[in-house]
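Novice: take a look and give me a structure for this.
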Amino acid sequence: MGFSDFPLAGRVFAGDACAFPGHREMLAFLDAFAEESGVAAHVRLRAEVLRVRLLGQEQGERWVVAWRGEDGEVAEEVFDAVVVCNGHWTVPQVAKIRGIDNWRGKQMHSHNYRVPEPFRDQNVVVVGMGTSGVDIALEISHVAKEVHIASRYSEDRLGKVELCKNVWIQTEVDCIQDDGKIRFTDGSAVAADIILYCTGYHYHFPFLDLDGLTVDDNRVGPLYNHVFPPKYAPNLSFVGLPAKTVIFQTLEMESKWVAAVLSGRTTLPGEEDMMAAVREHYRQMEEAGKPKRHTHVIMPKWEEHLNWLADQVGEPRLQAARLEMLEKAFRCAWSLDEGYRDRWEQEDNSATSAP
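Specialist: Numbering: from 1, shown residues only. Sure, this is the predicted structure:
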């Protein structure tokens, strides 16, 4: 966590630098960064962006941004460049389950999850085994009767989780049976009170309507290395699209790359060269059997991606210790070891305390 010139440890986080900070500490860290960096003074809060449009070559290819303020008034302003940084954790993506329309139980998405108490004494099916799915399943297991994690990637780990008294890993959900039970693709079924979808989010840019720039099955494209649309580069860019990566370092490197390009300190390849790189990325994905929706999933190529970004702006490459820490954290999380955040082996401290 943290940025290269604004580390988390020693600021708002007084604990062991090897430990994971809590959400309150992360919020305090981001608030402190915004204030000390001067960013806060340039942020217009409670301003809903309605549309972003290109003025055209005759007017210098500048951009008009329209937004609605808290008072309901709509305003417009012209800018030289637009960087889209609205994230991708806002519009929930919900799995389509056959027979769900006739199911009488409760459903919710992890986007709306806050505390475990509503799950007390309930039988819960958690759909998805990513970071949120694992974290929430473990947290609610302390109050729920049973927790069943359903995932398409779990075939080699089926059954009761050894480290938990009431958590099971199941195959993907197949359908809702006539008797109301949830059936999995291996033919087994369980009775459940709640289905909790931990199935990710949609990339969503309702304010953008630009020719040649699309969102198709969670592929935003075409984008050169997940940041620049060749047709509109360099004055339109995206920061924060990659998933399953070292997020803070990725945000920092992408931001520095955009800043370096816009300031003229570095340049982009020509439009056709960038398009060729995009097509090659798509070809490699197809050859590897990766679905379109995983276009922006960086794992397991964290190191390659971050080092490429660092090279573009002359920054130091990713420390091997940081990469080792990340890989260990993911392995521990997916093993459903609930205490992994605060239990590092002594010999690992040199890796996990890297600045």
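Novice: quick one: low-confidence parts of this protein?
Specialist: 12-19, 57-60, 154-155, 333-334, 337-355 (pLDDT under 70).
Novice: do that again at 80, thanks
Specialist: 1, 9-22, 56-60, 153-157, 319-355 (pLDDT under 80).
Novice: report the beta-bridge partners for the spatially most central residue of it.
Specialist: In the chain, the C-alpha nearest the mean C-alpha coordinate belongs to Ala243, at 4.4 Å (Cα atoms, centre = their mean). In this structure, Ala243 bridges to Val297 when assessed by DSSP bridges.
Novice: what is the end-to-end distance of stretch 40-56?
Specialist: Its first and final residues considered, stretch 40-56 spans 31 Å by Cα to Cα, to the nearest Å.
Novice: quick one: buried residues of stretch 321-335?
Specialist: By neighbour count with 16 or more other Cβ atoms under 10 Å, stretch 321-335 contains the buried residues Arg322, Leu323, Met325, Leu326, Lys328, Ala329, Phe330, Cys332, Ala333, Trp334. For glycine as for every other residue, the C-beta is placed from the backbone atoms N, C-alpha and C.
Novice: got the contact list for stretch 209-227?
Specialist: 51, 53-54, 93, 202-205, 229-233, 236-239, 241-242, 254, 257-258, 268-269, 274-275, 277-278, 291-293, 295-296, 308-309 (Cβ atoms under 8 Å, 6 or more residues apart in numbering).
Novice: go with 6 Å
Specialist: Residues from elsewhere that reach stretch 209-227, judged by Cβ atoms under 6 Å, 6 or more residues apart in numbering: 203, 229-231, 237-238, 241-242, 254, 274, 277-278, 292-293, 295-296.
Novice: now the residue nearest to the centre of the chain: how far from Ser110?
Specialist: Distance from Ala243 to Ser110, counting by Cβ to Cβ, to the nearest Å: 14 Å.
Novice: equivalent analysis for Glu303, please.
Specialist: 28 Å.
Novice: same deal with Glu36?
Specialist: Glu36 is 32 Å from Ser110, by Cβ to Cβ.
Novice: show me where the stretch 51-200 of the chain has strands.
Specialist: All strands of the stretch 51-200 of the chain, identified by DSSP state E, counting those that start in this stretch, fall at 63-68, 74-79, 82-84, 91-92, 106-109, 123-127, 146-150, 159-160, 167-170, 173-176, 182-184, 189-190, 194-197.
Novice: any chance of those in CSV, plus mean neighbour count and distance to Gly99?
Specialist: Shown next, in CSV, are the strands of the stretch 51-200 of the chain (neighbours: other Cβ atoms under 10 Å; distance: least, Cβ to Cβ, whole Å):
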stretch, mean neighbour count, distance to Gly99
strand 63-68, 16, 40
strand 74-79, 11, 44
strand 82-84, 19, 38
strand 91-92, 14, 20
strand 106-109, 16, 13
strand 123-127, 25, 13
strand 146-150, 24, 15
strand 159-160, 10, 25
strand 167-170, 22, 17
strand 173-176, 20, 3
strand 182-184, 22, 9
strand 189-190, 16, 12
strand 194-197, 23, 12
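Novice: would JSON lines of those with distance to Val43 be doable?
Specialist: Formatted as JSON lines, the strands of the stretch 51-200 of the chain follow (distance: least, Cβ to Cβ, whole Å):
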{"stretch": "strand 63-68", "distance to Val43": "12"}
{"stretch": "strand 74-79", "distance to Val43": "14"}
{"stretch": "strand 82-84", "distance to Val43": "13"}
{"stretch": "strand 91-92", "distance to Val43": "22"}
{"stretch": "strand 106-109", "distance to Val43": "28"}
{"stretch": "strand 123-127", "distance to Val43": "35"}
{"stretch": "strand 146-150", "distance to Val43": "38"}
{"stretch": "strand 159-160", "distance to Val43": "48"}
{"stretch": "strand 167-170", "distance to Val43": "41"}
{"stretch": "strand 173-176", "distance to Val43": "41"}
{"stretch": "strand 182-184", "distance to Val43": "44"}
{"stretch": "strand 189-190", "distance to Val43": "46"}
{"stretch": "strand 194-197", "distance to Val43": "31"}
